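> Have a look; sequence and predicted model below, questions after that.
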Amino acid sequence: MFEDVEEGYLDGEKESKFHYFYNREERIANAPQNVKDYYNGGMRPITGFKVLFKNKSNRFILLTLVFFIAFTWIYSGLNNTRDTCKIENVLFQLQAFSFEEEIFVTLKTKPQNQNNHKSEFINVPIEVEFLFVNNDNAVAQKDTINDTITSEEKYLRTRSIDYDIIRVDAKIKIWDTEKELTAFVKR
């Protein structure tokens with residue numbers, strides 16, 4: 001197709017072809033010093049933590065990452081919406097979900113016996129007050145459960161009609177300690 005097209009000549013000079021020369025020394029003679037050092041093998045890659053401080057943009061990214069991690073850590077530490085807690089050696093976990101116009105709430109109590117002493121949790125009284133909070137942050141309903149904790153895992157359950165309930169708060173009183181848990185309703 002292009003066999004009859006002649007290429008490689010300067011305009012107006014059909015008798016001399018272009019000649020391409022590759023000379024490394026001539027090509028890098030006018031290059032900056034860091035390019036010359038690279039071609040001579042004098043540059044080594046920066047490794048380790050030095051990369052994080054080498055230039056201004058890397059320092060900015062490192063600083064941003066440190067602030068983001070610190071913010072996340074502080075937010076999770078100060079966040080009041082916790083659905084688990086531990087009182088003495090008892091682990092509590094609060095869950096709430098919606099099903100067919102009702103809110104079902106479960107408080108799981110799991111005693112964690114140290115050195116397998118089962119006598120530590122024989123009939124320990126517990127009082128749990130469940131507060132069902134609606135969209136206006138008003139308590140729509142209250143429910144109180146009085147029970148005992150044994151050395152076995154136990155579930156304290158209640159339910160409520162769904163009045164646009166968004167979360168459930170549980171005030172736990174056991175021994176001389178009182179804690180509050182919060183669980184958002186899963187829909």
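It's in.
> biggest helix in this protein by residues?
Longest helix of the chain, by residue count under DSSP state H: helix 56-78.
> packing partners for that one?
Helix 56-78 sits against helix 50-53, with contacts defined as 3 or more C-beta pairs under 8 Å, 6 or more residues apart in numbering; DSSP states H and E. (C-beta placed from N, C-alpha, C; glycine too.)
> How is this protein divided into domains?
Domain assignment of the chain by automatic domain parsing yields the ranges 18-78, 84-184.
> any idea of the mean pLDDT in stretch 128-147?
Taken as a whole, stretch 128-147 has a mean pLDDT of 92.
> Kindly apply the preceding question to stretch 57-72 instead.
Rounded mean pLDDT across stretch 57-72 is 93.
> Restricting to C-alpha, output it in CSV.
Only the C-alpha atoms of stretch 57-72 are listed here, as CSV (Å, rounded to 0.1, in the frame of the first residue of the first chain):
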residue,chain,number,x,y,z
SER,A,57,4.0,16.8,49.7
ASN,A,58,5.0,13.6,51.6
ARG,A,59,5.2,15.5,54.9
PHE,A,60,1.7,16.9,54.2
ILE,A,61,0.3,13.4,53.5
LEU,A,62,1.9,12.0,56.7
LEU,A,63,0.6,14.8,58.8
THR,A,64,-2.9,14.4,57.3
LEU,A,65,-2.8,10.6,58.0
VAL,A,66,-1.7,11.2,61.6
PHE,A,67,-4.5,13.7,62.2
PHE,A,68,-7.1,11.4,60.6
ILE,A,69,-6.0,8.4,62.8
ALA,A,70,-6.0,10.7,66.0
PHE,A,71,-9.5,12.0,65.2
THR,A,72,-10.8,8.5,64.6
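> what residues does it touch?
Stretch 57-72 has contacts (C-beta atoms under 8 Å, 6 or more residues apart in numbering) with Val51, Leu52, Phe53.
> next one: stretch 38-51
With contacts defined as C-beta under 8 Å, 6+ apart, stretch 38-51 is touched by Arg24, Ile28, Asn34, Asp37, Lys54, Asn58.
> Export those residues as a markdown table, with columns for distance to Gln93 and neighbour count.
What follows is the contacts of stretch 38-51, written out as a markdown table (distance: C-beta to C-beta, whole Å; neighbours: other C-beta atoms under 10 Å):
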| residue | distance to Gln93 | neighbour count |
| --- | --- | --- |
| Arg24 | 69 | 8 |
| Ile28 | 67 | 14 |
| Asn34 | 59 | 10 |
| Asp37 | 61 | 12 |
| Lys54 | 47 | 11 |
| Asn58 | 43 | 14 |
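> Nearest to Glu178 among those residues?
Closest to Glu178 out of the contacts of stretch 38-51 is Asn58 (49.3 Å), distances taken as C-beta to C-beta.
> And the closest one, how close does it get to Cys85?
As for Asn58, its distance to Cys85 is 41 Å (criterion: C-beta to C-beta, to the nearest Å).
> now do Met43
Taking C-beta to C-beta, one finds Met43 at 56 Å from Cys85.
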